[in-house]
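Student: after the sequence you'll find the predicted model.
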Amino acid sequence: MQDLPSFDDDRHGPLDIREAGKHAHDGIVELLFSYTSPYGQRRVAELIGPVGAGPHAAILYVHWYEPESHDSNRTQFHEEATDLAQRGAVSLLVETMWSDRDWFLKRTQTDDYVNSVRQVVELRQAIDLLLAQPEVDSARFAYVGHDFGAMYGVLTGQIDPRPTCYALMAGTPRFSDWYLYYPRLEGAARAAFVEAMGAIDPIAHVAALAPAPLLFQFGRADPHVPIERAQAFFDAAAEPKQIRWYDAGHALCAQATNERIGWLAAQLGLKG
């Protein structure tokens, strides 16, 4: 198994932030902007937080990949972030490599390892950006991720200790569980890919998130994350941890959202 990369690269390069719009309403402010990733792409992001001085808790939201869904992008958690802004949190909603609806069909297994490393570097850059906000309390910082967002959150957290708690939604323990959906590989090529990606599989690193509290959320009817995989992922994590199951599919459900908001509020010391 190959050694882990540094996941550092030049994430401290110029961001070239370009503000695209700012809107204040109901005691919160929403700022839409773009910035430059360490690899030259422009990423669009949104900050949503309370009006007024902090310090405020911080949340990084990383969306899922479901190309048939309208919220398979940074907008997935907009409503949730708005709710938590009214309770006293500043949230950053970011783009990822899978924000492109056709990303999964365009990628190849040859590039999956390198692109995974780059995604972690970008998430570390997003953490830098969020925690650099003057009103943010870095000692109260949650990472929330769904699907790939959960998996790359684990990979980020094993090298970056700044998140103080994690809500991990419907992630699978191994990248090959999903990256082998397409293109199909067989025989030696498949085995070699599984081994190569094994070095960065979330199940191998989730215990390193301790002592940050973890909330795992899974659907009992999730076609992409069978119950046995979900349980194995949870079992590999260290305490403190919780697992919650829902009568739902991969998208989860309103109950999961409400319970996650309550858990985050408790972890971050937000208004009830």
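Tutor: Perfect, I can see it now.

Student: all contacts plus neighbour counts: C-alpha atoms, from now on.
Tutor: Will do.

Student: where do the strands sit along the stretch 51-200 of the chain?
Tutor: With DSSP state E, counting those that start in this stretch as the definition, the stretch 51-200 of the chain shows strands at residue ranges 56-62, 89-94, 136-146, 165-169.

Student: export the ones you listed to TSV and tack on distance to residue 153 and mean neighbour count?
Tutor: As requested, the strands of the stretch 51-200 of the chain are arranged in TSV below (distance: least, C-alpha to C-alpha, whole Å; neighbours: other C-alpha atoms under 10 Å):
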stretch	distance to residue 153	mean neighbour count
strand 56-62	8	28
strand 89-94	13	28
strand 136-146	6	22
strand 165-169	8	25
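
Student: for residue 16, find the nearest of those.
Tutor: Within these, the stretch nearest residue 16 is strand 89-94; the backing value is 15.7 Å (C-alpha to C-alpha).

Student: how far is the closest one from where the chain is centred?
Tutor: Between the centre of strand 89-94 and the centre of its host chain there is 11 Å, according to C-alpha atoms, centre = their mean, to the nearest Å.

Student: residues touching that strand, excluding its own?
Tutor: When contacts are taken as C-alpha atoms under 8 Å, 6 or more residues apart in numbering, the neighbours of strand 89-94 outside the stretch itself are 43-50, 56-63, 74-75, 77-78, 81, 84-85, 126, 130, 136, 270.

Student: quick revisit: the strands of the stretch 51-200 of the chain: which one's closest to residue 183?
Tutor: Set against residue 183 and scored by C-alpha to C-alpha, the strands of the stretch 51-200 of the chain come closest in strand 136-146, at 22.8 Å.

Student: please identify the pairing partners of the closest one and their relative orientation?
Tutor: Partners of strand 136-146 in the sheet, by DSSP bridges, are strand 56-62 (parallel), strand 165-169 (parallel).

Student: below-threshold pLDDT in the stretch 1-150 of the chain: ranges please.
Tutor: Under the criterion of pLDDT under 70, the regions of the stretch 1-150 of the chain flagged as low confidence span 1-4, 6, 9.
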